[in-house]
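In: Build me a model:
(chains A and B)
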There are 2 protein chains.
Amino acid sequence: MNAPLTIALDAMGGDFAPDMVVAGAERARERCPDIDYLFFGDEGRIAPLIDRHKGLKAISRILHTAESVSNETKPSVALRSGRGSSMRLAIDAVSDGRAHCVVSAGNTGALMAMAKFVLKTLPGIDRPAIASFFPTLRGETVMLDLGANIECGPEHLVQFALMGAVFARTVLGLQEPSVGLLNIGAEEVKGREAVKLAAAQLRETTFPGRFHGFIEGNDIAAGTVDVVVTDGFTGNVALKTAEGTAKLYSEFLRRTFSASIMARLGYLLARNSFKKLRKRTDPRRYNGAMFLGLQGVCVKSHGGTDAVGFANAICVAVDLVKQGFNDRIREELARLRAPLLPESKAAAI
Amino acid sequence: MNAPLTIALDAMGGDFAPDMVVAGAERARERCPDIDYLFFGDEGRIAPLIDRHKGLKAISRILHTAESVSNETKPSVALRSGRGSSMRLAIDAVSDGRAHCVVSAGNTGALMAMAKFVLKTLPGIDRPAIASFFPTLRGETVMLDLGANIECGPEHLVQFALMGAVFARTVLGLQEPSVGLLNIGAEEVKGREAVKLAAAQLRETTFPGRFHGFIEGNDIAAGTVDVVVTDGFTGNVALKTAEGTAKLYSEFLRRTFSASIMARLGYLLARNSFKKLRKRTDPRRYNGAMFLGLQGVCVKSHGGTDAVGFANAICVAVDLVKQGFNDRIREELARLRAPLLPESKAAAI
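Out: Below you'll find the model as predicted:
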């Protein structure tokens, strides 16, 4: 039998922490058999919550700290003065080998800054990226970067593409995932310079004969490609625009069904079908943004999520560890041998 | 009585031109009483279509040209060699005073390049922007730029904000429209440099005490502000991501209602409510992207639209002329007196 997989949890991160973190850990335990937990945070608050679940208590250890990182803390400040925080200690546990991965629902910028500083990036990867997956007309699509890198050079986009493809293969189980670069207009003439340079590199070197090319915003939900690559500014806006639009349509739907007695009756009849739809499009199902490109697995849960969503984030982290995601990235980088588009080369294309 | 308002139509632009253009013109005629048309394009194809509508024929003149701009033509090529095209001649008609506005469903890049070259930008505006409006939880929101300017400095974003505010006042009839800058994260520390510099200028000079500040992608559909300002790359991705997400949810809805006999029955009962919802979210209602910042009114219809959508684009152009949109922009610029954030100043903030 394998040794259990240890998950470091920032018990104090998230709007409803630590209750939601403990309840989420209990839920994830039911889904993933061979795991145990290190909870970092205020023992006086965490211990009574864990005590309620006998099974959870048996696989949990609490490492007390009174400090935590607030949502308002700037990443640079968190990095400097948050060394004793629950977030930082949870990341340290991955770095010194006591845990296989870390999950936090805390301040995204602080988590990224600390994870990058403590865990370091993988060789050949300049910057970590935030990735997540989305429901589409054709299944699920991975998109990155979702906000870690506001400005990106072509070499960064190429590295994101490579990591996204490995992710789609290892976690989504796709044999040969298609990769597209987010742009405006599908014509060669359009788009930003960095995007055009990255496309040339992806077409010729990284995915010869297999690169899908440019896609547009509407292709994300259409599921045109398995991996959507973009800079962190555009990716974050696209992610949140899609979330906002989904919310708008849910609200329109609610209003439509309550507009008349006939419509209300219609809803009662169709209710079971709508329950399935709600389950499929439940944002908690898509909770758990992966920080890709680090020497260690770090997953960010949505700050406002509940136990169901947090459990999903834990399972995403477990998946990344079990599938050996970081080893696969290393192999792909080695396979490509040549360094990925060094800046001098990028400028010469 | 006022003299009729003359609309120049590129009769050959769009996937279903010229049929859709003529049918759209006929529809718009029914909604706007005092207009007449100049149709630019292939007379042999246009004349028989117009002949079908007696009322339309009475207010239409055809100016024949055999040339047109294809969707594949690069803007620079269209500008150089498209001088005899239906698109160019329609724009020329606005420039030489024969028409009050121009509407085309043709190649966006070519239309923008030609309109900018022929009509020129308004004094104080460096670059025209593409604007459109969207359904939101709170009514309608204007967003710009939607794709004309891939890279934008702070001075361009400030000019877009000003034009968007005038648009919201004149066309949407809002007394004091709120203006937000699209960014990632609402905190001051985040976001691109140009966005931060533009925010400082908008807060202190352009809209003192009235600038909403930063918004995120989800605020677009929430209707948090009346005017969403962003660069053309981000705006285009956001627009198309929202369109794609709306399509995804429509398809999910269709599948949900056909999942079981009960659900189908439910749909039959709720059908009238859903008809209203479809009408409200009909993309044809939001057809007609305005090119703002030119010395002349130019409206771009979606290339794939039908007569209903094209008629809406015509009515948008008529609205802009009737409300004296360009005069209002000139007044606002004069009111601000000082030039809008010249580049040297922007760098010094």
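In: Can you list the buried residues in the helix or strand hosting residue A:118?
Out: Assessed by DSSP states H and E, residue A:118 sits inside helix A:108-119. Buried residues in helix A:108-119, counted by 16 or more other CB atoms under 10 Å in any protein chain shown: A:108-116, A:118-119. Yep, even glycine has a C-beta here, placed from its N, CA and C like the rest.
In: could I get those as a markdown table with distance to chain B and pLDDT?
Out: Below are the buried residues of helix A:108-119 laid out as a markdown table (distance: CB to the nearest CB, whole Å; pLDDT from 0 to 100):
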| residue | distance to chain B | pLDDT |
| --- | --- | --- |
| A:108 | 8 | 90 |
| A:109 | 8 | 89 |
| A:110 | 12 | 93 |
| A:111 | 14 | 94 |
| A:112 | 12 | 93 |
| A:113 | 12 | 93 |
| A:114 | 16 | 96 |
| A:115 | 18 | 96 |
| A:116 | 17 | 95 |
| A:118 | 21 | 97 |
| A:119 | 23 | 97 |
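In: Closest one of those residues to residue B:246?
Out: Nearest to residue B:246 among the buried residues of helix A:108-119, counting by CB to CB, is residue A:108 at 27.2 Å.
In: Quick one: residues contacting the closest one.
Out: A:130, A:147, A:300, A:303 (CB atoms under 8 Å, 6 or more residues apart in numbering or on different chains).
In: tell me, what residue is most central in chain A?
Out: residue A:289 (1.5 Å; CA atoms, centre = their mean).
In: Just the pLDDT at that residue, thanks.
Out: pLDDT, residue A:289: 89.
In: again, but for residue A:60
Out: 97.
In: For chain B, see how far away it is.
Out: 33 Å (CB to the nearest CB, to the nearest Å).
In: same deal with residue A:202?
Out: According to CB to the nearest CB, residue A:202 stands 19 Å off from chain B.
In: got a list of what residue A:269 touches?
Out: Residue A:269 touches B:262-263, B:265-266, B:269, counting by CB under 8 Å, 6+ apart.
In: My read is that the residue nearest to the centre of chain A contacts residue A:129, right?
Out: No - judged on CB atoms under 8 Å, residue A:289 makes no contact with residue A:129 at a distance of 10.0 Å.
In: Quick check: neighbours shared by the two?
Out: With CB under 8 Å, 6+ apart as the test, residue A:289 and residue A:129 both reach residue A:146.
In: ok, back up a step: can you name the next helix or strand after the helix holding residue A:118?
Out: With DSSP H and E, the next secondary element past helix A:108-119 is strand A:129-136.
In: Using CSV, write down the CA coordinates of the following helix or strand past that following strand.
Out: Toward the C-terminus, strand A:129-136 is succeeded by strand A:139-144 as the next helix or strand (DSSP H and E). This file holds the C-alpha atoms of strand A:139-144, laid out as CSV (Å, rounded to 0.1, in the frame of the first residue of the first chain):
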residue,chain,number,x,y,z
GLY,A,139,-16.8,19.4,-22.5
GLU,A,140,-14.2,21.2,-20.5
THR,A,141,-11.5,23.6,-21.5
VAL,A,142,-8.4,24.8,-19.6
MET,A,143,-7.5,28.5,-19.6
LEU,A,144,-4.3,30.2,-18.4
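In: next structured bit after strand A:139-144?
Out: Downstream of strand A:139-144, the next assigned helix or strand under DSSP H and E is helix A:154-170.
In: What average pLDDT does that following helix get?
Out: pLDDT averaged over helix A:154-170 gives 93.
In: Could you do stretch A:177-186 as well?
Out: For stretch A:177-186, the per-residue pLDDT averages 88.
In: Tell me which residues of that stretch come out buried.
Out: Using 16+ other CB under 10 Å as the test for burial, stretch A:177-186 gives A:177-184.
In: Please apply the same query to stretch A:196-215.
Out: Result for stretch A:196-215 [16+ other CB under 10 Å]: buried residues A:196-199, A:201-203, A:206-207, A:211-212, A:214-215.
In: Between its first and last residues, what's the separation in that stretch?
Out: Here the two ends of stretch A:196-215 are set 12 Å apart, with distance taken as CA to CA, to the nearest Å.
In: what pLDDT, on average, does that stretch get?
Out: 92.
In: ok, now how distant is residue A:323 from chain B?
Out: Residue A:323 is 28 Å from chain B, by CB to the nearest CB.
In: Pretty sure that residue sits against residue A:170.
Out: Yes - the pair residue A:323 / residue A:170 is scored as a contact, 4.1 Å apart, by CB under 8 Å.
In: which one of the two has more residues nearby?
Out: More crowded of residue A:323 and residue A:170, by other CB atoms under 10 Å in any protein chain shown: residue A:170, with 19 against 16.
In: continuing past the helix or strand harbouring residue A:38, what's the next helix or strand?
Out: Assigned by DSSP H and E, residue A:38 belongs to strand A:35-41. Using DSSP H and E, the next helix or strand after strand A:35-41 towards the C-terminus is helix A:43-51.
In: Which strands or helices does the following helix or strand past that next one pack on?
Out: For helix A:43-51, the following helix or strand on the C-terminal side (DSSP H and E) is helix A:54-58. With contacts taken as 3 or more CB pairs under 8 Å, 6 or more residues apart in numbering or on different chains; DSSP states H and E, helix A:54-58 sits against helix A:19-31, helix A:43-51.
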